[in-house]
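# just coords:
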């Protein structure tokens, strides 16, 4: 009985997850938070609050894209 080994392309998911982690780490490091912690308001909302919730939303979107993945041409997820 002949068994064929089916090779698949590497997904690169661990690398993308590590990049998302580094993005989150960079977004919430104190030096960048100090830049955003000005007394300015945007639409009546402090810039720091927009930075925190915007970064949080960006991380959620990036992680959702990484975890869900994009289907290949044949319809199978990576």
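Arrived safely. Source: prediction; values computed, not measured. Numbers count the residues shown, from 1 in each chain.

# looking at it, residue 37 is touching residue 50, isn't it?
No: the criterion here is CB atoms under 8 Å, and residue 37 misses it with residue 50 at 11.2 Å. For the C-beta atoms, the positions are set from N, CA and C on the backbone; glycine is no exception.

# grab the nearest non-local neighbour of residue 37.
residue 48 (4.6 Å; CB to CB, 6 or more residues apart in numbering).

# and residue 38, how far is that from residue 51?
From residue 38 across to residue 51, the span is 10 Å (CB to CB, to the nearest Å).

# so for these two, which residue has more residues nearby?
A count of neighbours by other CB atoms under 10 Å puts residue 51 above the other of residue 38 and residue 51, at 18 against 11.

# just list what the host helix or strand of the more buried one packs against, helices and strands only.
Per DSSP states H and E, residue 51 falls inside helix 47-68. Using 3 or more CB pairs under 8 Å, 6 or more residues apart in numbering; DSSP states H and E, the elements in contact with helix 47-68 are helix 13-27, helix 30-36.

# next secondary structure element downstream of the lowest-mean-pLDDT helix or strand in the chain?
Least confident helix or strand, the chain: helix 30-36 with a mean of 87, by mean pLDDT, DSSP states H and E. As assigned by DSSP H and E, the chain's next helix or strand after helix 30-36 is strand 41-42.

# quick check, distance from that next one to the centre of its chain.
Mean-position distance between strand 41-42 and its chain equals 26 Å (CA atoms, centre = their mean, to the nearest Å).

# tell me the mean pLDDT for the helix holding residue 51?
What helix 47-68 shows for mean pLDDT is 92.
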